[in-house]
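Colleague: quick one, structure for this:
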Amino acid sequence: MRLVSLFSGCGGMDVGFAKAGFEIVWANDFDSDAQRVYSHNLHQIDPRDIRTVPADDIPDCDIITAGFPCQPFSNAGKRKGVRDERGTLFEECMRIIEVKQPKVVVFENVRGILSTKDLDGNKLIDNIEHQLANTGQGYEVGHKLLNASNYGVPQNRYRVFMVGVRKDLGRSFVFPDPIPKEGLEVGNLLDIPPHVPNQVDWKLSPQAAKLITFIPEGGSWKDIPYDELPPRFKKIRDNIKKYRSPNFYRRFARHEINGTITASAQPENCGIIHPLENRRYTIREIARIQSFDDDFVFFDETPGDIKSMYKVIGNAVPPKLAQVLALAIKEQVWG
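Modeller: Numbering: from 1, shown residues only. Presented below is the predicted three-dimensional model:
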């Protein structure tokens with residue numbers, strides 16, 4: 001089962017599919033930080049802009065996976081959608097699928113894609129499914145919003161997956177059922193042997209470092225005394241219903257499943273604060289929250305390296321989620 005990986009990132013999706021028995025024959029990503037991590041841990045990666053890659057340069061394959069850039073559709077971004085040039089990169093996936101005609105196509109994206117409108121006014125997700133259904137021999141397509149914690153990942157992280165199976169195979173795909181949430185509490189991840197690499201953290205700004213000292217385990221910005229809040233936070237606190245009770249600076253407790261780790265790794269928008277210590281999680285801690293094995297190595301030689309590793313880990317598909325999905329595809333399509 002030969003796999004071509006588009007928009008591979010640092011390799012989270014590909015780790016999961018490789019563990020399920022798929023052979024990665026070609027991978028591509030334009031981000032230099034992701035390339036560095038991917039090539040060190042997995043496989044040679046083509047660094048070209050996908051828009052410049054002829055389809056004939058890509059090996060024949062049985063499956064194509066693609067996590068095309070999610071920022072245009074992200075709730076954390078400006079939601080430019082298809083009006084952001086990155087939002088049209090799925091068309092490059094379609095160009096390659098048209099030529100390669102793999103048995104299976106897997107797309108992954110943020111939940112914001114479900115509500116994003118295409119330029120014709122239709123939902124983008126519906127237009128993508130329609131294109132896949134009418135590409136080459138056509139694909140039987142379905143999509144589902146999955147929470148990673150339902151599939152063995154110690155993190156509540158919602159992502160949309162779309163799976164298309166070529167129509168001539170006479171099969172359709174059913175997404176796997178959730179599995180019990182056992183042992184996923186963040187406290188189970190924090191006892192890391194000293195020999196494990198990447199146990200360094202990206203230092204917080206002076207303001208953030210001060211604010212988190214007021215937040216107890218399991219707390220948030222709401223625990224910070226009013227007089228200590230920056231002016232922007234005071235404005236929100238003064239009219240919290242108007243701002244829909246935002247949950248900034250969330251410090252998850254050891255008995256909780258962690259919230260989403262984002263690429264920005266900022267305490268204002270994700271659960272990046274250690275339950276007990278006044279710091280961000282280390283690179284290794286967020287890698288564990290994303291379900292990467294301890295032998296998957298990141299780079300931390302310089303402050304720039306450290307910051308970039310938070311980005312590539314936060315953008316990754318959790319390997320355990322990818323593996324569950326890959327095993328279901330393998331069973332249902334290849335038997």
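Colleague: leaving out sequence neighbours, find the closest residue to F214.
Modeller: With CB to CB, 6 or more residues apart in numbering as the criterion, F214 has its nearest non-adjacent residue at 4.5 Å, and that residue is I224. The way it works is simple: take the backbone N, C-alpha and C, and place the C-beta from them, glycine included.
Colleague: do you know how far the one you found is from E268?
Modeller: In this view, I224 and E268 are 12 Å apart by CB to CB, to the nearest Å.
Colleague: overlap of the contact sets of the two?
Modeller: Jointly contacting I224 and E268 under the rule CB atoms under 8 Å, 6 or more residues apart in numbering are Y249.
Colleague: of the two, which one has the most company?
Modeller: I224 (21 against 16; other CB atoms under 10 Å).
Colleague: surely S308 is in a strand?
Modeller: No: looking at S308 with DSSP: H, G, I helix; E, B strand; the rest coil, it is helix, so not inside a strand.
Colleague: pLDDT score for it?
Modeller: At S308, the model reports a pLDDT of 97.
Colleague: hang on, isn't it packed against D33?
Modeller: Yes: with contact defined as CB atoms under 8 Å, S308 reaches D33; the gap is 4.2 Å.
Colleague: so where is the chain shaky, pLDDT-wise?
Modeller: 70-87, 245 (pLDDT under 70).
Colleague: show me where it has its strands.
Modeller: 2-6, 23-27, 63-66, 104-110, 139-147, 158-166 (DSSP state E).
Colleague: and of the ones you listed, who's closest to N122?
Modeller: Nearest to N122 among the strands of the chain is strand 139-147; the distance by CB to CB comes to 14.7 Å.
Colleague: identify each buried residue in the closest one, please.
Modeller: Applying a neighbour-count criterion of 16 or more other CB atoms under 10 Å, one finds 139-141, 143, 146-147 buried in strand 139-147.
Colleague: domain ranges for this structure, per the record?
Modeller: Domain assignment of the chain by automatic domain parsing yields the ranges 2-179+317-334, 186-315.
Colleague: residue boundaries of the helices in the stretch 51-200 of the chain?
Modeller: Taking DSSP state H, counting those that start in this stretch as the test, the helices found in the stretch 51-200 of the chain are 90-100, 124-133.
Colleague: quick one: contacts for the residue nearest to F214?
Modeller: Taking CB under 8 Å, 6+ apart, one finds 211, 214-215, 233, 249 in contact with I224.
Colleague: tell me if I'm right that A263 and M309 touch.
Modeller: No: assessed by CB under 8 Å, A263 is found out of contact with M309, at 10.7 Å.
Colleague: compare the two (neighbour count), which wins?
Modeller: M309 (26 against 20).
Colleague: how near is the residue nearest to F214 to A133?
Modeller: In terms of CB to CB, I224 sits 51 Å off from A133.
Colleague: I'd like the buried residues of strand 139-147 as TSV, with distance to P318 appended.
Modeller: Formatted as TSV, these follow (distance: CB to CB, whole Å):
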residue	distance to P318
Y139	25
E140	26
V141	23
H143	18
L146	10
N147	11
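Colleague: how far does stretch 187-196 sit from its chain's centre?
Modeller: Remark: stretch 187-196 is offset 23 Å from the chain centroid, using CA atoms, centre = their mean, to the nearest Å.
Colleague: no no, stretch 292-300
Modeller: Here stretch 292-300 shows a centroid-to-chain-centroid distance of 16 Å under the convention CA atoms, centre = their mean.
Colleague: sorry, back to before: turn the helices of the stretch 51-200 of the chain into CSV, including distance to I63.
Modeller: What follows is the helices of the stretch 51-200 of the chain, written out as CSV (distance: least, CB to CB, whole Å):
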stretch, distance to I63
helix 90-100, 10
helix 124-133, 14
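Colleague: among these, which is nearest Q323?
Modeller: helix 90-100 (21.8 Å).
Colleague: pull out the buried positions in that closest one.
Modeller: 90, 92-93, 95-97, 100.
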